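> One predicted model, sequence on top.
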Amino acid sequence: MFYYAPWCKQCEQMAPTWDALAEFVKDEDDIVIAKFNSIENELNEFAVTKQPTIRFHTRDNKDGIDFTGDARNMTELQTFMAEHSAAFRAHYDRVHTKPNDEL
């Protein structure tokens, strides 16, 4: 989940990479890449103390795991996701093991 504020310049800079990550997994039913406007919406369950915040939530861990890398770097985001999501790791491996003419 990408928690952002509309006025935040860092959030604005991170958004294209986040959108590209969502596009990368758009056909995977078990993976949701979402944005949450933390100014316009209430955060009763998940305390976000700064924008931007990227947090990985699972069915088993509703509190989530914070991403601390460079969110403008697709490789770092994909590595983080692969470390915490078997579904993402499987998708990544499928995409990156195809012959070049199929990509």
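Thanks, I have it.
> In which helix or strand does residue 54 reside?
strand 53-56 (DSSP states H and E).
> Downstream of that strand, the next helix or strand is which one?
By DSSP H and E, the next helix or strand past strand 53-56 is strand 65-66.
> List the contacts of that following strand.
Strand 65-66 is contacted by residues 53-56, 84 when judged by Cβ atoms under 8 Å, 6 or more residues apart in numbering. All C-beta atoms are positioned from the backbone trio N, CA, C, and that covers glycine.
> Which residue ranges of the chain form strands?
All strands of the chain, identified by DSSP state E, fall at 2-4, 35-37, 53-56, 65-66.
> Who are the packing partners of the longest one?
Helices and strands in packing contact with strand 53-56 are listed as strand 2-4, strand 65-66, helix 74-84; criterion 3 or more Cβ pairs under 8 Å, 6 or more residues apart in numbering; DSSP states H and E.
> what's next to the first one, contact-wise?
Looking back up the chat, that one is strand 2-4. Residues outside strand 2-4 that contact it (Cβ under 8 Å, 6+ apart): 11, 14-15, 18, 33-38, 43, 46, 48, 51-55, 71.
> Among those, name the buried ones.
If you count burial by 16 or more other Cβ atoms under 10 Å, the buried members of these come out as 11, 14-15, 18, 33, 36, 38, 48, 51-55, 71.
> Make JSON lines from the residues you listed and add pLDDT to it.
Output for the buried ones among the contacts of strand 2-4, formatted as JSON lines (pLDDT from 0 to 100):
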{"residue": "11", "pLDDT": "92"}
{"residue": "14", "pLDDT": "92"}
{"residue": "15", "pLDDT": "93"}
{"residue": "18", "pLDDT": "94"}
{"residue": "33", "pLDDT": "93"}
{"residue": "36", "pLDDT": "89"}
{"residue": "38", "pLDDT": "84"}
{"residue": "48", "pLDDT": "69"}
{"residue": "51", "pLDDT": "80"}
{"residue": "52", "pLDDT": "88"}
{"residue": "53", "pLDDT": "88"}
{"residue": "54", "pLDDT": "91"}
{"residue": "55", "pLDDT": "90"}
{"residue": "71", "pLDDT": "82"}
